[in-house]
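[1] have a look; sequence and predicted model below, questions after that.
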Amino acid sequence: MGKPTRRDLLKGTGALGAAAIVDGALGASARARPLVEDRPEQAGTVEGEHGVLDVAVIGAGVSGAYAAWRLLGPEAKHSPVLNRLRRRRGGRLKVGLFEGSERVGGRLFSVTPPGMPHLHAELGGMRYLNNQPVIADLVDHLGLPTDPFPVDESQNLVYLRRHRFTQSQWGDPTVVPYDLPTAIRGKSPDDALVSVIERFVPGAAGMDQQAWDKIKPTASADGRHLYDIGFWNLLLDAVGQEGWAFLRAGFGYGSVVANVNSIEAMEASVADFVGSPAPQYLLLRNGYQTVPKELVRRFEAEGGTVHLHHQVRRIDRETVHGEQVMSLALSVWPGGRPLTVRARHVVLAMPQRSIELLDPDSFLFTSDQFLSDLGSIVPRPASKLFLGYDRPWWEDLGLRKGRSVTDLPLRQTYYWGVEGKQHGADPANRNALLLASYNDLGDVEFWNELLKRPQRLAPVSVTRPPRPMDAAAPGTLVDEAQRQLRELHGPDARIPEPTSAYFQDWVQDPYGAAFHFWQVGAKSWEIMPRMRHPLRDANLYVCGDAYSTGQGWVYGALTQAELMLEEHFGLPRPTWLPPSVYLGS
């Protein structure tokens, strides 16, 4: 066989996925009411001087919304790059934000169930840590209210291998149904994993991001660099199959102990789950999607333009009035009308799969280095199922907040909240919301099979718009979730029929994954700066969480966007973000 072409490398496949809403009669398959309002654009609204924008930001997820806002914010007047563009226009910048779908937010997707105006089903990102750079300071700067996000409460349930016990009993080997090696026997999954990590990286629990970045190129085990060893392989050697199975089941996430880059997995595990001192999880009281929405609101207030339903298909280079610019071929929905937009600078605030879906003849794919870097991460599926009820039935069992964990396909169940207990709510309102299932990897396939959707492998194409996130879910999926909830909670559980249900699988195009992990062998400290500016001779940049140290987290997306703006647009650090904050390599 000959050498594969760029088209062979990039064509990929469409993936099964769904966002679903069920209200009232859960067995019905009628189409649900759209969650957001369409905002189709008219022709001729996106052009600047000589039909050229100064900056086109592609993707209105959190990194794109942040980049667009910062480009027109108060610090922009100190940017030499933007000042040169501003002078040629008489002091005004032309920045456009383009989004293929019908909404702002990307994988931040907050849905308000009927009868619960103060609760929000977070179908994508749902929380952040108070020690995560950029996001914690940004939320404070924007004045968005937050609340604590409880996770592991001592009274909550663990149901593994058909044995039911509470979180407080992890330390009792007689109730934990695993034959564990002495080194991790009597430990919770959190403590067990950090003890294994510290065998290879002493003091890991107390290390910050800067310390991790310092050791990543050299940390090793048995003469091999840790970045060149799969984490599953490492854990299997360290604690055996029983130990690995215990960690996978007890964490509730298969991705945590999968075969990804060991040194990156170690840092992620310590930072996300077991750091010292233990970080605090927080949620956005009005929904996580309020972060990108507020950024976009401020961007528009500064004169920026937002174009929903504008899907970028191809990127070329051309010369306009003697100046080299980039030409973006778009499809504008509804109708798929073709539109060409030209820009002096282009920011691709897009995950791996969205970039792969660009026309393979786009000029950035001529770089072998870029193709290699693009493939340096592993896409990971995850899905969520929220169920609404007319009362918090779990309180009858002494469960109030946080999560229960199981090896059933549900994997994690979070007792999300009761409407009447929220700030500003009617105390008499007993409607309640449950994150019934938060799962990843192979468990996603279990739930997808219950969707039974026609044409479920149809990829995004030029003739079909991105699918709105409002398709109805079948009652079969909800019925199975109810059955597993009864098994998890035991014979004393009296679980009523749900009043609403929401399901989202992020594998669907154009997302391709819920989050990503670095491949075994990937040198993230080299790849991240290259991805921020992949082609030296083009004013084209990439940002987002996919190529970051904080993969799967908003802070990863914002950190890469901030570094890109500082390095390649010369923007100074914003006043609300302390200059001492370390943002990574």
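    Looks like it arrived, so ask away.
[2] can we go C-alpha only for contacts and neighbour counts from here?
    OK.
[3] okay, strands next: where are they in the stretch 101-250 of the chain?
    Counting by DSSP state E, counting those that start in this stretch, the stretch 101-250 of the chain has these strands, from start to end: 110-111, 121-122, 128-129, 146-148, 157-160, 163-166, 220-221, 224-225.
[4] pick the most deeply packed of those.
    strand 121-122 (a mean of 26; mean count of other C-alpha atoms under 10 Å).
[5] pull the contacting residues for residue 229.
    260-262, 520-521 (C-alpha atoms under 8 Å, 6 or more residues apart in numbering).
[6] before we move on, back to that, how about the strands of the stretch 101-250 of the chain, which one is nearest residue 66?
    strand 128-129 (16.4 Å; C-alpha to C-alpha).
[7] show me where the stretch 451-585 of the chain has its helices.
    Under the criterion DSSP state H, counting those that start in this stretch, the stretch 451-585 of the chain contains helices at 475-489, 524-532, 554-568.
[8] deepest of the ones you listed, which one?
    Comparing those by mean count of other C-alpha under 10 Å gives helix 554-568 as most buried, with a mean of 23.
[9] and the angle for that one with helix 524-532?
    Inter-element angle recorded for helix 554-568 and helix 524-532: 70 degrees (by axes from the mean of the first three to the mean of the last three C-alpha atoms, to 10 degrees).
[10] can you list contacts of helix 554-568?
    By C-alpha under 8 Å, 6+ apart, helix 554-568 touches 62-64, 66-67, 71, 125, 128, 132-135, 532-533, 541-551, 571-573, 583.
[11] count the residues that sit near residue 363.
    15 (other C-alpha atoms under 10 Å).
[12] wait, it touches residue 327, no?
    No - in this structure, residue 363 is not within contact of residue 327 by C-alpha atoms under 8 Å, at 10.3 Å.
[13] just checking, what packs against the top helix by length along the chain?
    The longest helix of the chain (DSSP state H) is helix 231-251. Packing partners of helix 231-251 (3 or more C-alpha pairs under 8 Å, 6 or more residues apart in numbering; DSSP states H and E): strand 157-160, helix 189-200, helix 262-269, strand 403-406.
[14] need the ones you listed in JSON lines with distance to residue 176 and mean pLDDT, can you?
    Formatted as JSON lines, the helices and strands packed on helix 231-251 follow (distance: least, C-alpha to C-alpha, whole Å; pLDDT from 0 to 100):
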{"stretch": "strand 157-160", "distance to residue 176": "8", "mean pLDDT": "98"}
{"stretch": "helix 189-200", "distance to residue 176": "11", "mean pLDDT": "95"}
{"stretch": "helix 262-269", "distance to residue 176": "22", "mean pLDDT": "95"}
{"stretch": "strand 403-406", "distance to residue 176": "12", "mean pLDDT": "98"}
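[15] make a markdown table out of those and add distance to residue 253.
    Listed next are the helices and strands packed on helix 231-251 as a markdown table, based on distance: least, C-alpha to C-alpha, whole Å:
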| stretch | distance to residue 253 |
| --- | --- |
| strand 157-160 | 14 |
| helix 189-200 | 11 |
| helix 262-269 | 11 |
| strand 403-406 | 10 |
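[16] mind checking which of the ones you listed is nearest residue 218?
    helix 262-269 (10.1 Å).
[17] need the contact partners of that closest one.
    Contacts for helix 262-269 (C-alpha under 8 Å, 6+ apart): 194, 197, 204, 209, 212, 216, 219, 226-231, 234, 256-257, 517-518, 520, 549-550.
[18] could you do stretch 365-373 as well?
    With C-alpha under 8 Å, 6+ apart, stretch 365-373 has contacts from 6, 364, 527, 531, 534-535.
[19] these into CSV, with extra columns for pLDDT?
    Listed next are these as CSV, based on pLDDT from 0 to 100:
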residue, pLDDT
6, 45
364, 96
527, 98
531, 98
534, 98
535, 97
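[20] how about the residues you listed, which pair is most distant?
    Of all pairs in the contacts of stretch 365-373, the most separated under C-alpha to C-alpha is 6 and 527 at 19.8 Å.
[21] touching both of residue 363 and residue 327, which residues are there?
    Counting by C-alpha under 8 Å, 6+ apart, the residues touching both residue 363 and residue 327 are 315-317.
[22] by neighbours, which of these wins?
    That'd be residue 315 among these, by other C-alpha under 10 Å, with 22 neighbours.
[23] tell me the buried residues in the helix or strand that residue falls within?
    For residue 315, the element it lies in under DSSP states H and E is strand 310-320. Buried residues in strand 310-320, counted by 16 or more other C-alpha atoms under 10 Å: 310-315, 317.
[24] could you count how many residues lie near the residue lying closest to residue 261 once chain neighbours are set aside?
    Leaving aside its sequence neighbours, residue 261 sits nearest to residue 520 (C-alpha to C-alpha, 6 or more residues apart in numbering; 4.1 Å). For residue 520, the count of nearby residues is 21 (other C-alpha under 10 Å).
[25] all set now, cheers.
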